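> Below is the sequence, then the predicted model.
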2 protein chains.
Amino acid sequence: MHDARPERPADRRTRRREQTLEEVLDRAVELMATDGVAGLTMTRLAGAMGIRPPSLYKYFPSALAVQDALFARGQRENLEAWRAAVADAAPGLASLRAGMRATGRWAVAHPVLAQLLFWRPVPGFTPSEAAFAPAVLLQELVRTALADAVAQGEVVASAATGDGMALLAVLHFGVISQHLANEPQLDWEHGHFTRQHDVVLELFTRAHAVR
Amino acid sequence: MHDARPERPADRRTRRREQTLEEVLDRAVELMATDGVAGLTMTRLAGAMGIRPPSLYKYFPSALAVQDALFARGQRENLEAWRAAVADAAPGLASLRAGMRATGRWAVAHPVLAQLLFWRPVPGFTPSEAAFAPAVLLQELVRTALADAVAQGEVVASAATGDGMALLAVLHFGVISQHLANEPQLDWEHGHFTRQHDVVLELFTRAHAVR
DNA sequence: GTCTATAGGACGATAGAC
DNA sequence: GTCTATCGTCCTATAGAC
């Protein structure tokens, strides 16, 4: 905290640069919120940063690189939302409910990132493997939660199969996409579709209930 | 069939023009299938028609007018899919199942139109009231089918409320959007998510089952 | 890292000849 | 209805001075 030695200049520069990178992404999200997810351009993004377009290329080598960084940030945040919510939950169904509710909330609170992650509305953009990695990890966490629920006798084994995962995705993203398409201005508490999130989770457990 | 009088020239011209209008929309759908839903431009569309851009403006006054016509065509076809399927079905739940399955099939068979109708991926485009009209009508048909199901004692009254409609939309479009986002190349019979369509309809009736 | 200047294109749309 | 020609705007991206 009171280390007398000043930070090495190279470190300062690196840190400053990373701050700028993050700020670019902040501005990008703001722009997408007003002009649409596909309305992001390097020219406008530079303008929002208060710099000229060539300067922006010092931070991101291309427009697609910005999209990829946004995609990566969204995946990280979404995964983090799950982890934070699950930290204090019991394994199995309780954990699954907490995690899914948390990522649902995250998605409606960050509509432009959610659209980028789940709808892929930008033509010609395919996320890099690195940007996609958190999604793979999250998928595994869901699978584990389902397996725990089966092991604890909360649901039957069919819940933890590919069909079970597909049904869960249908229910979860059904809520989110209906919300984003029809009433994105409402928050999680006041949405007509988000209200159905608890309902569909209940339907899922009932579909795989132990007799 | 063998009317001797030739068609009036004005009628011929009108008919020819309408054929061309439809052909433009056909080409537009093809272009969107390859270049993405937002990748449709007047320049490329003219090229696909084998004409120059100014000629295209004789048929559609603007790029947004093309989008609107596509939106209108999609809504008409989707509504028609429901009507055709429901024609031979008994009122109530049987009718609801037949109609929803038919519009689901239509959506995955026409992915670009479905994206245009249900995801609204084109920035700055808001459909005209006329183009939207079939969607309003279809909404009413769904409501009626639900009301019939209630009247026949197939489900309890809560199924025909706003929440019931919202739940139904979540389930239906959840299947469709997961299919379009993850495995659009598969057809209705082979998709992992489309397989869940019958499942979710069953979940809906169970959620509102008469005790 | 910032800028000016610019290349090189695609786009929507219009004017006006045929 | 078709075309050529064109306007004005926006875009991605680079060269090169400071």
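Right, received. Where do you want to start?
> per-residue pLDDT, residue A:1?
Looking at residue A:1, its pLDDT is 59.
> The most centrally placed residue in chain A: what's it in contact with?
The structure's chain A has its C-alpha centroid closest to residue A:78; by Cα atoms, centre = their mean the separation is 3.2 Å. Counting by Cβ atoms under 8 Å, 6 or more residues apart in numbering or on different chains, residue A:78 touches A:103, A:106-107, A:113, A:117, A:134-135, A:138. Every residue, glycine included, has its C-beta placed from N, CA and C.
> which one of those residues is nearest DNA strand C?
residue A:113 (24.4 Å; Cβ to the nearest atom of the strand).
> Surely that closest one is within a helix?
Yes. Using DSSP: H, G, I helix; E, B strand; the rest coil, the assignment for residue A:113 is a helix.
> Next secondary structure element downstream of the lengthiest helix in chain A?
Counting by DSSP state H, the longest helix found in chain A is helix A:9-35. Using DSSP states H and E, the helix or strand that follows helix A:9-35 towards the C-terminus is helix A:42-49.
> That following helix and DNA strand D in contact?
Yes. With Cβ under 7 Å from any atom of the strand as the criterion, DNA strand D is reached by helix A:42-49 at A:42-44.
> Any chance you could list what contacts that helix?
Helix A:42-49 has contacts (Cβ under 8 Å, 6+ apart) with A:23-24, A:27-28, A:30-31, A:35, A:52-53, A:55-57, A:63, A:66.
> Out of these, which are close to DNA strand D?
A:53, A:57, A:63.
> The second one: neighbour count?
Residue crowding around residue A:57 was assessed by other Cβ atoms under 10 Å in any protein chain shown; the count is 14.
> Look at stretch A:203-211 and report the distance between its end residues.
End-to-end span of stretch A:203-211 (Cα to Cα, to the nearest Å): 15 Å.
> Report pLDDT for whichever residue of chain A sits closest to chain B.
Closest to chain B within chain A is residue A:174: 2.0 Å, counting by Cβ to the nearest Cβ. The pLDDT attached to residue A:174 in the predicted structure is 98.
> Quick one: mark the members of the contacts of residue A:78 that sit in strands.
Judged by DSSP state E, strands contain none of those.
> tell me which of the residues you listed is nearest to residue B:83?
residue A:107 (34.5 Å; Cβ to Cβ).
> Where does the prediction get shaky in chain A?
Within chain A, the stretches with pLDDT under 70 are A:1, A:3.
> Could you list the residues of it in contact with chain B?
A:35-39, A:118-124, A:162-163, A:166-167, A:169-175, A:177-178, A:181, A:192-193, A:195-196, A:199-200, A:203, A:206-207 (Cβ under 8 Å from any Cβ of the partner chain).
> Which of these are buried? Put it as a PyMOL command.
A single PyMOL command selects the buried members of the residues of chain A next to chain B (16 or more other Cβ atoms under 10 Å in any protein chain shown):
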select buried, chain A and resi 36+37+38+118+119+120+121+122+163+166+167+169+170+171+172+173+174+175+177+178+181+192+193+195+196+199+200+203+207
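> one step back: name the element the residue nearest to the centre of chain A belongs to?
If you go by DSSP H and E, residue A:78 is part of helix A:63-86.
> circling back: which neighbouring elements make contact with the longest helix of chain A?
Packing contacts for helix A:9-35, counted by 3 or more Cβ pairs under 8 Å, 6 or more residues apart in numbering or on different chains; DSSP states H and E, involve helix A:42-49, helix A:63-86, helix A:111-118.
> Skipping its backbone neighbours, what lies nearest residue A:115 in space?
Distances taken as Cβ to Cβ, 6 or more residues apart in numbering or on different chains place residue A:37 nearest to residue A:115, at 5.0 Å, with adjacent residues excluded.
> Next one: the one you found relative to residue B:21, how far apart?
Residue A:37 sits 30 Å away from residue B:21, taking Cβ to Cβ, to the nearest Å as the criterion.
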